[in-house]
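> Need coordinates for the following:
(chains A and B)
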There are 2 protein chains.
Amino acid sequence: MNDQNGYDIEDLQVGMTASYAKTITEADIGMFAGVSGDINAIHLNEEYAVTTPFHGRIAHGILVSGLISATIANRLPGPGSIYMEQQLKFLAPVRPGETVKATVRVREVILDRCQVVLETTCHVKGILVIDGVATIKVGSAARRAAKLAKATSA
Amino acid sequence: MNDQNGYDIEDLQVGMTASYAKTITEADIGMFAGVSGDINAIHLNEEYAVTTPFHGRIAHGILVSGLISATIANRLPGPGSIYMEQQLKFLAPVRPGETVKATVRVREVILDRCQVVLETTCHVKGILVIDGVATIKVGSAARRAAKLAKATSA
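This next block holds a predicted model:
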């Protein structure tokens, strides 16, 4: 672990998982519209949204993807990690008031590059709403120790 | 165009582009932390962030990606489009106060599936900060006309 309680590359093993769940509120959707500039009527206009195949407003896909970012940043690999890549498939809508559970699972540990590949999913009541893969750069306890030893011996 | 002024599949051609630019403010970063739950110190804690290779706080990558979502939803293909997939590579940091320009460019039009593949980029002062590809489902003027003709003749 690093000094912020995040995992180093040496701590990570294929199959490790972490989750984070949060209710997507009306306020979240309004704030994300302002933050991003995405004012699509499907997110903000109920009278329009009920006429679409979604039968009502839905949350922005990228807003919901933020819960994957939170799981990575806060839990696995946690603080100190750097987001390099994220692939996302938006498979089903998320409605205001629904609770999303984001889960990440270690698929591959690339020791020499200090990178980890994660399977990243979001579920609502067991239904897969977002599927994807992320690549994250993390620190290395071995490299920190080597650097310290070199500095001490110099 | 559909009745919300969004493009139909028949309107789209390879090479069409659209952009949207927005300043990423301190308020955006604070709101996105609350909306997503991503409270990584690199986004919120200046005293920590200055000790990292970024030398200060940076915006969440997924927050910045929201500008791609906005460009797609508001401009190209515009209202009525449905976000199916997004690949993202986070290449350089975005700092509070910097203005991000998101651009989408039509790479492929898949007429029979009513889908369009877009190259999606974000730049800050000409520097590529996010690169990616999106797949979007759009409507079809021809299919609407056929449906209407069938309903009228029935």
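> what's the weakest-modelled helix or strand in chain A?
helix A:141-153 (a mean of 89; mean pLDDT, DSSP states H and E).
> Look at the spatially most central residue of chain A and tell me its secondary structure.
The centre of chain A sits closest to A:Ile68, judged by Cα atoms, centre = their mean, with a distance of 1.6 Å. At A:Ile68 the chain is in helix, as set by DSSP: H, G, I helix; E, B strand; the rest coil.
> cool, A:Gln86 as well?
strand.
> Get me the contact residues on chain A for chain B.
Applying Cβ under 8 Å from any Cβ of the partner chain, we find that chain A lies next to chain B at A:4, A:20, A:22, A:28, A:31-32, A:34-41, A:48, A:60-63, A:65-70, A:73-74, A:79, A:83-90. Heads up, the C-betas are built off the backbone N, CA and C, glycines and all.
> can you give me the helices in chain A?
Assigned helices in chain A, in chain order: A:26-36, A:41-44, A:46-49, A:61-74, A:141-153 (criterion: DSSP state H).
> tell me, which of those helices is the model least confident about?
Ranked by mean pLDDT, the helices of chain A bottom out at helix A:141-153, which scores a mean of 89.
> that older thread, now do the contacts for the residue nearest to the centre of chain A.
Applying Cβ atoms under 8 Å, 6 or more residues apart in numbering or on different chains, we find A:Ile68 in contact with A:86, A:102, A:104, A:120, A:122, A:130, A:132, A:134, B:62.
> thought the third one was touching A:Ala73?
No - at 10.5 Å, A:Val104 and A:Ala73 do not qualify as touching, with contact defined as Cβ atoms under 8 Å.
> And those two? Which one has more around it.
Neighbours per residue, other Cβ atoms under 10 Å in any protein chain shown: of A:Val104 and A:Ala73, the larger number sits with A:Ala73, 30 against 25.
> can you tell me which residues contact the more buried one?
A:79, A:81, A:83, B:38-40.
> Tell me which of these fall in strands.
Of these, the ones assigned to strands by DSSP state E are A:Tyr83.
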